[in-house]
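>>> Just a sequence and a predicted model for now, questions to come.
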Amino acid sequence: MDKDKTRHHGVIPDDSMLTRESWKIFQIMAEFVEGFERLAEIRPSVSIFGSARTPVDHPYYKLTEDIAFALSEAGFSVVSGGGPGIMEAANKGAYAGKSPSIGLNIQLPHEQSGNPYQDIRLTFRHFFSRKVMFVKYATAYVVMPGGFGTLDELAEILTLVQTGKTRRIPIILVCEPFWRGLIDWIGSTMVEEGVISAEDLDLFQILDTPKQVVDAIFNHYETCGFEPSAEEREILLDL
């Protein structure tokens, strides 16, 4: 907007704030560069999501830990948000296995404490750069019960796959009773209203046990292999 017009509308540009925002670009670049450099060698990997509020003695915690351990023993690096609850369970299970446990921590106004079960620990200021790291190197997404943040990550990967902005990967929702109401609503309302296609329901599956999760991922890649094709690598460059 023209500076004179901005002043006319009563908004005087703050040059110091503009300078801070411009320099913020370099901070964002640094987050991407560090993420790319430290995560490029973790393939194949599985990103696991779920609530930070799940207590250690909850069945969801133990199930997540068992899934992460099974994935780690099967040769998959496990990526979580690095915090407590389901994230801790994912890192803990992977940490006990033979493959790396990775935490993509986020700085929050109410500080999120990182869990101690991380072989690779990255910390982000910005959700958007962190979300790119979850997707870019993921062989699969495993989505445990969770709140708004979990739904955000689920919607993100569904949108990217649906629109062809990333390659098709297994998207697995775990604990059928937790997800059933949402899935029924997607089918009965979103499909019926025409805002998504019936075929979009095939983008994800609902499973309940560690073995089912591991088997589903291996079955998906049985014919194509875990490494992205040349075409998929080009897509991921523009993620």
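Arrived safely, thanks for sending.

>>> where do the helices sit along this structure?
For the chain, the helices defined by DSSP state H occupy 3-8, 15-39, 59-73, 86-96, 127-136, 148-162, 176-185, 191-193, 210-220, 230-237.

>>> Convert stretch 171-179 to PDB, retaining C-alpha atoms only.
This file holds the C-alpha atoms of stretch 171-179, laid out as PDB (Å, rounded to 0.1, in the frame of the first residue of the first chain):
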ATOM      1  CA  ILE A 171      -2.400 -42.400   6.500                       C
ATOM      2  CA  ILE A 172      -3.500 -44.500   9.400                       C
ATOM      3  CA  LEU A 173      -5.900 -43.500  12.100                       C
ATOM      4  CA  VAL A 174      -5.500 -45.700  15.200                       C
ATOM      5  CA  CYS A 175      -8.300 -46.500  17.700                       C
ATOM      6  CA  GLU A 176     -11.500 -47.000  15.700                       C
ATOM      7  CA  PRO A 177     -13.900 -45.900  18.500                       C
ATOM      8  CA  PHE A 178     -12.200 -42.500  18.900                       C
ATOM      9  CA  TRP A 179     -12.400 -41.700  15.200                       C
END
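
>>> Tell me the gap between that stretch and the middle of its chain.
16 Å (Cα atoms, centre = their mean, to the nearest Å).

>>> Return the set of buried residues in that stretch.
171, 172, 173, 174, 175, 179 (16 or more other Cβ atoms under 10 Å). Backbone N, C-alpha and C define where each C-beta goes, glycine included.

>>> sorry, back to before: which among the helices of the chain is found nearest to residue 46?
helix 59-73 (5.2 Å; Cβ to Cβ).

>>> what angle sits between that closest one and helix 210-220?
On the basis of axes from the mean of the first three to the mean of the last three Cα atoms, to 10 degrees, helix 59-73 is oriented at 40 degrees to helix 210-220.

>>> from the buried residues of stretch 171-179, which is closest to residue 68?
The closest of the buried residues of stretch 171-179, once distances to residue 68 are taken by Cβ to Cβ, is residue 174, at 11.3 Å.

>>> and the closest one, what does it touch?
63, 64, 67, 142, 143, 144, 145, 206, 207, 208, 213 (Cβ atoms under 8 Å, 6 or more residues apart in numbering).

>>> count of neighbours near the fourth one?
Pointing back at residue 142 there. Neighbour count of residue 142, defined by other Cβ atoms under 10 Å: 29.

>>> Tell me who's in contact with it.
Taking Cβ under 8 Å, 6+ apart as the test, what residue 142 contacts is 46, 47, 48, 49, 67, 71, 172, 174, 213.

>>> from what I can see the second one touches residue 134, true?
Read it as residue 47. Yes - taking contacts as Cβ atoms under 8 Å, residue 47 lies within contact range of residue 134: 4.8 Å.

>>> What confidence value was assigned to the residue nearest the centre of the chain?
In the chain, the C-alpha nearest the mean C-alpha coordinate belongs to residue 134, at 4.1 Å (Cα atoms, centre = their mean). Confidence at residue 134, expressed as pLDDT, is 89.

>>> same check, this time on residue 156
The model's pLDDT for residue 156 equals 94.

>>> what sits against it?
Counting by Cβ under 8 Å, 6+ apart, residue 156 touches 131, 135.

>>> From residue 93, how far out is it?
According to Cβ to Cβ, to the nearest Å, residue 156 and residue 93 sit 23 Å apart.

>>> In contact with residue 56, which residues?
88, 89.

>>> so how far is residue 97 from it?
Between residue 56 and residue 97 the distance, using Cβ to Cβ, works out to 19 Å.

>>> follow-up on the earlier one: overlap in contacts, residue 47 and residue 134.
In contact with both residue 47 and residue 134: 79, 153, using Cβ under 8 Å, 6+ apart.
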